[in-house]
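1. Take this sequence and fold it.
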Amino acid sequence: MAKASLRSTLRAPAGAIDLSGLDPRATPLAPGGKKATREALIGQGAELAELQERLYAEGTGARARRRIVLVLQGMDTSGKDGTIKHVAGQLNPQGVRIASFKQPTEEELEHHFLWRIRRQIPAAGLVGVFNRSHYEDVLVVRVHELVAPAVWGKRYGEINDFEAELAADGVTWIKVFLHISHEEQRERLIARLDDPTKRWKFNPSDVRERRFWADYQRAYADALERCSTDTAPWYVVPADRKWYRDWAVAGLVHETLRDLDPQYPRRRFDADAWKQRLQE
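-> Next up is the predicted model:
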């Protein structure tokens, strides 16, 4: 029997999605407990880095188009920053582009909502990491009624078209929803307040946003249901256990790179002749 892949296991289920039925403390396909899984994360680092180097090298080719965009979405404290640290930290920073999408600036608000996203799509050979993304425009905008339902309602189709267009141009999407429980979020916020070295990360608005938890869960469920396609699938990663979260996201990137199987570009020159010149 073929071994199940993380991508098939964690892919958002088809049809109507009820996030309350997905366990945020689950650890599907984990190689063991906390210690074993952390060791496995470190252990795959060498192959992950080698595959990334091949993608970066492939990107130097004249006709190269392939690149990866890792989208990280989730409620506050779900671990977007931590995931970037532990996953992107295994990659060569030269081949990684990280973009954080906060509240839009005045300039960004003057353009279509996808304008600022398109500007951050990585070049060939690179791995782009999005800390939040275009999905904010069907999440926070919807929950806080910043635009009319007719406006955010049509954005699902625009997002699907946008992602399909880029997929056809060489982008491989890895869209990850970091699924955290209401209880775990509370504990993490309290932990920030208890630790003087972490208080800088605390934002009172995070507490106020907890009042809208149910609204956000519905908004996320709709985004997962309506925007998970074969060319840009969504993955739901249980995020209550940080050690599993990091291993799972790294595994999704690892599997994707292995399937892409990037190749070093061929150079049209006589290597032996150049070696001879260097030895002269």
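
2. can you give me the strands for the stretch 151-280 of the chain?
-> In the stretch 151-280 of the chain, the segments counted as strands under DSSP state E, counting those that start in this stretch are 171-179, 234-238.

3. could you dump those to CSV with mean neighbour count, distance to residue 15 and mean pLDDT?
-> (Each C-beta comes from the backbone N, C-alpha and C, glycine too.) Output for the strands of the stretch 151-280 of the chain, formatted as CSV (neighbours: other C-beta atoms under 10 Å; distance: least, C-beta to C-beta, whole Å; pLDDT from 0 to 100):
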stretch, mean neighbour count, distance to residue 15, mean pLDDT
strand 171-179, 23, 16, 98
strand 234-238, 24, 13, 98
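
4. Select, out of those strands, the one closest to residue 211.
-> The closest approach between residue 211 and any of the strands of the stretch 151-280 of the chain, judged by C-beta to C-beta, belongs to strand 171-179 at 19.7 Å.

5. any idea which helix or strand carries residue 73?
-> strand 67-74 (DSSP states H and E).

6. Assign the residue nearest to residue 113 when sequence neighbours are not counted to helix, strand or coil.
-> Of all residues not flanking residue 113 in the chain, residue 137 sits nearest, at 4.4 Å (C-beta to C-beta, 6 or more residues apart in numbering). With DSSP: H, G, I helix; E, B strand; the rest coil as the basis, residue 137 sits in helix.

7. OK, contacts around residue 137?
-> Applying C-beta atoms under 8 Å, 6 or more residues apart in numbering to residue 137 gives the contacts 113, 152, 155.

8. Repeat that for residue 15.
-> Per C-beta under 8 Å, 6+ apart, neighbours of residue 15: residue 225.

9. ok, now how distant is it from residue 236?
-> Distance of residue 15 to residue 236, computed by C-beta to C-beta, to the nearest Å: 14 Å.

10. before we move on, what about residue 145?
-> Taking C-beta to C-beta, one finds residue 145 at 26 Å from residue 236.

11. Tell me, please, where in the stretch 101-250 of the chain the pLDDT is lower than the cut-off.
-> Along the stretch 101-250 of the chain, the model assigns pLDDT under 70 to no residue.

12. mind listing the helices for the stretch 1-150 of the chain?
-> 6-10, 34-43, 45-58, 80-87, 106-109, 115-118, 140-143, 149-153 (DSSP state H, counting those that start in this stretch).

13. out of those, nearest to residue 226?
-> helix 149-153 (9.9 Å).

14. Give me the buried stretch members for that closest one, please.
-> Going by neighbour count (16 or more other C-beta atoms under 10 Å), the buried part of helix 149-153 is residue 152.

15. That one packs against which elements?
-> Applying 3 or more C-beta pairs under 8 Å, 6 or more residues apart in numbering; DSSP states H and E, we find helix 149-153 packed against helix 140-143.
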